[in-house]
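Student: Here's my sequence, what's the structure:
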Amino acid sequence: DDGSLYWKLKYTMGEKADGLFKMYHQNGNVKSEVMYKDNKPSTNWVYFDDKGNKERIDIYKNGKFIYEKHLN
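Tutor: Predicted structure coming up:
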């Protein structure tokens, strides 16, 4: 609503393009990030609090969610 960047992801012909996907907190700090390949996560999805500290990692294997690992 306030015009700040919420996420950054590239699309090619209506599909998620390979590369880095980031979401942002309202203060501009990264909220989460993951690499996409072949329209699915190719790395674990890392989440950060609004101060930039890692707070959670979603573990993926072969593009499928396995479990959440909370760090705090």
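
Student: all strands of the chain, in order?
Tutor: For the chain, the strands defined by DSSP state E cover 7-8, 11-12, 15-16, 19-24, 30-37, 40-41, 45-48, 54-61, 64-70.

Student: could you dump the ones you listed to TSV with mean neighbour count and mean pLDDT?
Tutor: Where you see a C-beta, it was placed from the backbone N, CA and C, and this is true even at glycine. Formatted as TSV, the strands of the chain follow (neighbours: other C-beta atoms under 10 Å; pLDDT from 0 to 100):
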stretch	mean neighbour count	mean pLDDT
strand 7-8	12	75
strand 11-12	8	76
strand 15-16	14	75
strand 19-24	15	90
strand 30-37	17	93
strand 40-41	16	90
strand 45-48	18	97
strand 54-61	14	97
strand 64-70	10	96
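
Student: list the contacts for N44?
Tutor: By C-beta atoms under 8 Å, 6 or more residues apart in numbering, the residues touching N44 are V34, I57, D58, I59, Y60.

Student: rerun at 7 Å
Tutor: By C-beta atoms under 7 Å, 6 or more residues apart in numbering, the contact set of N44 is I57, D58, I59, Y60.

Student: The third one pairs with what?
Tutor: Each beta-bridge partner of I59 is listed here: Y67, as defined by DSSP bridges.

Student: Likewise for E33?
Tutor: K22, V46.

Student: I'd guessed it sits against V46; true?
Tutor: Yes - in terms of C-beta atoms under 7 Å, E33 counts as a neighbour of V46; the distance is 5.7 Å.
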